[in-house]
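Chemist: Following is a predicted model, sequence given first.
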Amino acid sequence: MKQFDIASIPGDGIGIEVVPQAERVLRAVADVHGGLAFQFQSFPWSCQYYIEHGVMMPDNGLEQLKPFDAIFLGAVGDPNLVPDHISLWGLLIQIRREFEQVINMRPAKRLDGIQSPLQNPKDFDLVVIRENSEGEYSTVGGRIHSKEDEVAIQNAVFTRKGTERVMRYAFEVAAKRKRFVTSATKSNGIVHSMPFWDQVFKEVSADYPAIRTESQHIDALAAFFVTRPADFDVIVASNLFGDILTDIGAAIMGSIGIAPAANINVNGNYPSMFEPVHGSAPDIVGKGLANPIGQIWTAKMMLDHFGEEELGTFLLDAIERVTRKGTITKDLGGIHSTEEVTDAIISELHTARSV
Ligand SMILES: NC(=O)C1=CN([C@@H]2O[C@H](COP(=O)(O)OP(=O)(O)OC[C@H]3O[C@@H](n4cnc5c(N)ncnc54)[C@H](O)[C@@H]3O)[C@@H](O)[C@H]2O)C=CC1
Ligand SMILES: CC(=O)C(=O)O
Ligand SMILES: [K+]
Ligand SMILES: [Mn+2]
């Protein structure tokens, strides 16, 4: 029996609602498979934890997480309790950084039965590879003076190592897909980091002659995600550009509530972390309205990461059979609750086993 030890961090808001549902689904997957098991240990680190302890996680939090095979996170943030920059940097971004989860991988794909806000979405199936450790999300800078003399300086950091790494990763992913990489740039407006980004992209692409490439400015690319998403395969982007693009990717899928994501450690020194694109959605918390598909599709990405790709596909197929039948939550125009959608997915898993 293969066992995977998973650290669960439900976090805040709807994270607390969707993480246990996705754990139920993973247990069902294990049950259907018969030869593997998932062991979950839940950590209460969240804004509520901050109110009680003055920190988002204990001093040795990272040490506690390190031995696990993966981290399964819901969402972090409750602006009524803790300012967002404190809660996100104190937990989510700290784990991404300290555990060298340098790649953030976010697929966007049209699913049967889900209405895209686009009139003609076609069958888009793309994946954004976002740099996850540097770029525009940096602690370099500061604020000085006050009142009308106040100055805020925020420096973006682009290292050759980090830039090359995310690009190589994108090319490797593309090699297993439609062999097309689009680079998100803005070298017409950002005159140091983005021409550097373009240069590294050109150098790295020379190592992958079988893969088609293009560069698009981020503003135009954002528009193309709306007007012709089916034309893309793999998009490589900096931290901020990737963050924005993947919310658009989620929106054209039909809801941010279904979009999955993986924060990947590529050197094997620390666990990777799997968390949906969405946040804690304070506006719908406690009502059974949270769409569990983002968290469950994220579990599928965790299965892929464990090398269980067949099981991952099996799970995504079950999700799509459920959406096709119209068992969907309110954000997608349906009437079903978080739990009902999860039940339907679990029941599809069992049905698929028995045929
Ligand atoms: N990675 C993370 O943990 C992230 C955390 N956040 C944090 O979450 C909090 C709320 O941020 P927002 O900007 O409002 O983004 P959000 O993703 O939480 O919500 C945006 C909109 O999408 C809806 N939504 C999100 N997930 C849904 C789901 N599963 N089912 C149905 N509807 C869903 C919400 O109801 C809301 O209308 C903030 O504290 C923010 O910092 C935001 C984004 C990512
Ligand atoms: C924090 C955030 O917006 C994200 O991880 O997508
Ligand atoms: K999240
Ligand atoms: Mn985001």
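Modeler: Yep, it's here. Ligands and ions are numbered 1, 2, ... in the order given.
Chemist: Leaving out sequence neighbours, find the closest residue to the residue at minimal distance from the centre of the chain.
Modeler: Among the residues of the chain, residue 261 comes closest to the average C-alpha position under CA atoms, centre = their mean, at 2.1 Å. Nearest residue to residue 261, sequence neighbours excluded (CB to CB, 6 or more residues apart in numbering): residue 106, at 4.6 Å. Where you see a C-beta, it was placed from the backbone N, CA and C, and this is true even at glycine.
Chemist: Could you measure from that neighbour over to ligand 1?
Modeler: Residue 106 sits 11 Å away from ligand 1, going by CB to the nearest ligand atom, to the nearest Å.
Chemist: do the same with residue 197
Modeler: 24 Å.
Chemist: elements contacting the helix or strand containing that residue?
Modeler: Element membership for residue 197 (DSSP states H and E) is helix 193-205. The elements that helix 193-205 packs onto, with contact taken as 3 or more CB pairs under 8 Å, 6 or more residues apart in numbering; DSSP states H and E, are helix 160-175, strand 180-185, strand 212-217.
Chemist: Can you name the residues bridging to the residue nearest to residue 261?
Modeler: Taking DSSP bridges as the rule, residue 106 bridges to residue 128.
Chemist: would TSV of the helices and strands packed on helix 193-205 with mean pLDDT and distance to ligand 2 be doable?
Modeler: Formatted as TSV, the helices and strands packed on helix 193-205 follow (pLDDT from 0 to 100; distance: least, CB to the nearest ligand atom, whole Å):
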stretch	mean pLDDT	distance to ligand 2
helix 160-175	98	15
strand 180-185	98	15
strand 212-217	98	21
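Chemist: Single out the most deeply packed of those.
Modeler: strand 180-185 (a mean of 24; mean count of other CB atoms under 10 Å).
Chemist: That one pairs with which strands, and in what direction?
Modeler: Counting by DSSP bridges, strand 180-185 is paired with strand 212-217 (parallel), strand 234-237 (parallel).
Chemist: Any idea which of these gets closest to ligand 3?
Modeler: strand 234-237 (17.8 Å; CB to the ion).
Chemist: name the helices or strands packed onto the helix or strand following that closest one?
Modeler: For strand 234-237, the following helix or strand on the C-terminal side (DSSP H and E) is helix 239-253. Secondary-structure packing of helix 239-253 (3+ CB pairs under 8 Å, 6+ apart): strand 103-109, strand 125-131, strand 180-185, helix 218-227, strand 234-237.
Chemist: Quickly compare the ones you listed and say which is most buried.
Modeler: Comparing these by mean neighbour count (mean count of other CB under 10 Å), strand 234-237 ranks first with a mean of 28.
Chemist: Residue 313: neighbouring residues, count only.
Modeler: Using other CB atoms under 10 Å, residue 313 is surrounded by 13 other residues.
Chemist: what's the answer for residue 79, then?
Modeler: So residue 79, with other CB under 10 Å, has 13 neighbours.
Chemist: On the pLDDT front, check it for me.
Modeler: On the pLDDT scale, residue 79 is placed at 96.
Chemist: A helix includes it, no?
Modeler: No - Residue 79 is assigned coil when assessed by DSSP: H, G, I helix; E, B strand; the rest coil, not a helix.
Chemist: That one and residue 52, how far apart?
Modeler: With distances taken as CB to CB, to the nearest Å, residue 79 is found 18 Å from residue 52.
Chemist: Poorly predicted segments of the stretch 251-355 of the chain, please.
Modeler: 355 (pLDDT under 70).
Chemist: What parts of it come near ligand 2?
Modeler: Within the stretch 251-355 of the chain, the positions adjacent to ligand 2 are residue 277 by CB under 6 Å from any ligand atom.
Chemist: how about the strands in the stretch 251-355 of the chain?
Modeler: For the stretch 251-355 of the chain, the strands defined by DSSP state E, counting those that start in this stretch occupy 262-264, 272-274.
Chemist: Nearest approach to residue 194 belongs to which of those strands?
Modeler: Closest to residue 194 of those, according to CB to CB: strand 262-264, at 23.8 Å.
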